[in-house]
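In: Please find the sequence and the predicted model below.
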Amino acid sequence: MALYRFRVTFEGYDDVSRDIDIKSNQTFEDLHNAIHQSTGYKSEYPSSFYVSNDQWMKGDEITFMPNQKRIDRNIPLMEKAKLSSYIDDPHQKFYYTFNFDKPFDFHVELMKIILDENPATTYPSVVRTVGEAPKQFGNVFNPTVISSADEDFDFLNEMQFNPEDAEDFSEVTDTDSVSTPARSSSISDDEDDHGHDEESEEEDEFGFGDDDNFEDDDRRNSRSDDY
């Protein structure tokens with residue numbers, strides 16, 4: 001009986017792979033179970049193999065635990081589909097999706113055909129294991145728990161009123177209120193003095209602020225009248 005050696009790799013996990021030897025007259029369900037024997041997953045979840053090309057494009061489907069839609073479409077069942085019926089290439093490829101609710105995707109590639117089986121071996125047989133498979137339900141959504149540190153930062157301004165904070169704020173406000181008038185008074189006095197000086201200088205410039213100048217002018221005028 002000929003044996004198929006398949007290399008199974010996780011899509012997105014290139015460092016995780018399994019090599020599995022399986023008889024050519026065994027079924028896709030046997031391969032399905034062997035894959036999850038090698039990963040440690042529970043295999044009882046709806047899944048499908050797809051005949052694939054070199055670009056891993058999905059073709060004909062072989063399914064396990066089908067839903068009603070697949071039943072209506074008469075999709076072949078894994079338990080009845082022999083591997084040899086779907087292999088026409090020495091490097092035949094299958095795209096495999098396990099557990100449609102929380103899927104893992106695999107690339108399954110035929111590596112070689114072995115003509116003689118080992119009578120002492122029970123097939124399917126996992127002959128090579130590389131890397132640790134990711135957890136079966138590692139992609140389950142876990143709500144994020146807000147830590148106490150996050151609670152200190154209230155982005156939506158929903159902080160509760162704290163009377164102690166109000167007291168601290170009032171102390172700062174009182175201090176400012178005492179010091180502010182003093183600064184205002186000082187500035188006002190300077191402005192008044194400065195304004196007064198400017199007015200005096202302006203009067204001096206035009207001669208309206210000096211009475212002595214008026215008297216000198218009167219004397220000169222009176223003397224000129226005498227001549």
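Out: Now that the structure is in, tell me what you want to look at. Everything numeric in this text was worked out from a predicted model, so none of it was measured. Numbering: from 1, shown residues only.
In: Can you classify Ile71 as helix, strand or coil?
Out: Three-state assignment for Ile71 (DSSP: H, G, I helix; E, B strand; the rest coil): helix.
In: Determine the number of other residues adjacent to it.
Out: By other Cβ atoms under 10 Å, the residues close to Ile71 number 11. Using the backbone N, CA and C atoms, a C-beta is placed for each residue, glycine as well.
In: Distance-wise, check it relative to Pro46.
Out: To Pro46, Ile71 is 12 Å away according to Cβ to Cβ, to the nearest Å.
In: How about Asp89?
Out: 27 Å.
In: Now the phi/psi pair for Pro134, please.
Out: With angles defined as degrees, to the nearest 10, Pro134 sits at phi -60, psi 160.
In: Which pLDDT value goes with it?
Out: You'll see Pro134 listed with a pLDDT of 90.
In: ok now do it, which residues does it touch?
Out: By Cβ atoms under 8 Å, 6 or more residues apart in numbering, Pro134 lies in contact with 10, 13, 16, 104.
In: again, only this time at 7 Å
Out: Contact analysis of Pro134 by Cβ atoms under 7 Å, 6 or more residues apart in numbering lists Tyr13.
In: repeat for Glu109
Out: Counted by Cβ under 7 Å, 6+ apart, Glu109 has contacts 6-7, 91, 93.
In: By pLDDT, rank those residues and give me the bottom one.
Out: For the contacts of Glu109, the pLDDT minimum is His91, 94.
In: Between Asp89 and Pro46, point out the one with more neighbours.
Out: Remark: of Asp89 and Pro46, Pro46 carries more neighbours, 16 against 10, as counted by other Cβ under 10 Å.
In: Make a markdown table out of the contacts of Glu109 and add neighbour count.
Out: Shown next, in a markdown table, are the contacts of Glu109 (neighbours: other Cβ atoms under 10 Å):
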| residue | neighbour count |
| --- | --- |
| Phe6 | 24 |
| Arg7 | 16 |
| His91 | 10 |
| Lys93 | 19 |
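In: Tabulate those residues in a markdown table, adding columns for distance to Asn99 and secondary structure.
Out: Formatted as a markdown table, the contacts of Glu109 follow (distance: Cβ to Cβ, whole Å; DSSP: H, G, I helix; E, B strand; the rest coil):
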| residue | distance to Asn99 | secondary structure |
| --- | --- | --- |
| Phe6 | 19 | strand |
| Arg7 | 21 | strand |
| His91 | 27 | coil |
| Lys93 | 21 | strand |
